[in-house]
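Undergrad: Below: sequence and its predicted model.
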Amino acid sequence: MRTYSLAYLTTSALRPADMVSLAAELGYGYVGLRLLPNAAGAPQQHLIGDAVALRETRQRIRDTGVGVFDLEIIRIGSDFDATRYVPLLEAGAALGAHSLLVAADDPDQSRLADNFARICQLAGQYRLHANLEFMPWTAVKNAKQAVALVEAAGSPVWGGVLVDALHFARSATTRADIAAIPRHWLHYAQICDAPAEIPATDEELIHTARQERLLPGEGGIDLSGLFSALPTDLPISVEVPNYLRVPRLGEREWARQALAAARAVLCDHPSIQ
């Protein structure tokens, strides 16, 4: 049986503690939290520096058995300084998190590799894995480039590659590219769906990624092919933001449908509420 994590973007209006409770109610084993915004002023969950929120979230983890799998987000740009992320790493250690999501924004591949190595080394001191997510609008656009970047960084022990179904489908990535990623670099993968047609601009790609994903099985992504190329025991983050349907259905129902759809696509059939 696979392990599933409720991703931040699926229920982005919830506080960390309430995400843990909802995940436990619906049958997820983990949650993913966005404790830093993906851009200045963008939404995030407020926990860093908030002792009350941290204490409440840790108590919910103890009460439910649902853990924190990954934390977002680290962006490596040209002015990257790994030490800026120490508060995030400290929060991750306090929550017992496993992984960090890393995005690559620096077009200088040599500097990018050096900085990825630095964040992996620092994250390892907190027993956190730094996972490079390839995205077609960033400086690491597909799986081959992600593998090359991690290799250029010296294949750090605490590094890895994150495969998101949406970015797999909308980048120059094949199932063979996915199968070629070393197993020890794979710590989790993200599932969702989207229309088969690939948007023409970065703006459209980003809009779909952040606001209009579909439930697994509703779109044109070859999810069966993708996940057949990934290890069957890999934890799955269910990341399905949809800014129209979530307000209509509510966070709980959308998270329930997202998990049910992911399990149906992956032929995983435990009973859920």
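TA: Right, received. Where do you want to start?

Undergrad: All the strands of the stretch 151-273 of the chain, in order from the start?
TA: Remark: strands assigned in the stretch 151-273 of the chain by DSSP state E, counting those that start in this stretch are 159-164, 189-191, 236-238.

Undergrad: most packed of those strands?
TA: strand 236-238 (a mean of 28; mean count of other CB atoms under 10 Å). For glycine as for every other residue, the C-beta is placed from the backbone atoms N, C-alpha and C.

Undergrad: how distant is that strand from the center of its chain?
TA: 8 Å (CA atoms, centre = their mean, to the nearest Å).

Undergrad: neighbouring strands for that strand, and are they parallel or not?
TA: Applying DSSP bridges, strand 236-238 is found paired with strand 4-6 (parallel), strand 189-191 (parallel).

Undergrad: Next, format these as a markdown table and append mean pLDDT and distance to Trp137.
TA: Below are the strands paired with strand 236-238 laid out as a markdown table (pLDDT from 0 to 100; distance: least, CB to CB, whole Å):
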| stretch | mean pLDDT | distance to Trp137 |
| --- | --- | --- |
| strand 4-6 | 98 | 24 |
| strand 189-191 | 98 | 16 |
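
Undergrad: Next, the buried residues of the lowest-mean-pLDDT helix or strand in the chain.
TA: In the chain, the helix or strand scored least confidently by mean pLDDT, DSSP states H and E is helix 202-211, which has a mean of 91. Buried residues in helix 202-211, defined by neighbour count with 16 or more other CB atoms under 10 Å: Leu205, Thr208, Ala209.

Undergrad: can you redo the strands paired with strand 236-238 as CSV with distance to Ala103?
TA: Below are those laid out as CSV (distance: least, CB to CB, whole Å):
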stretch, distance to Ala103
strand 4-6, 18
strand 189-191, 13
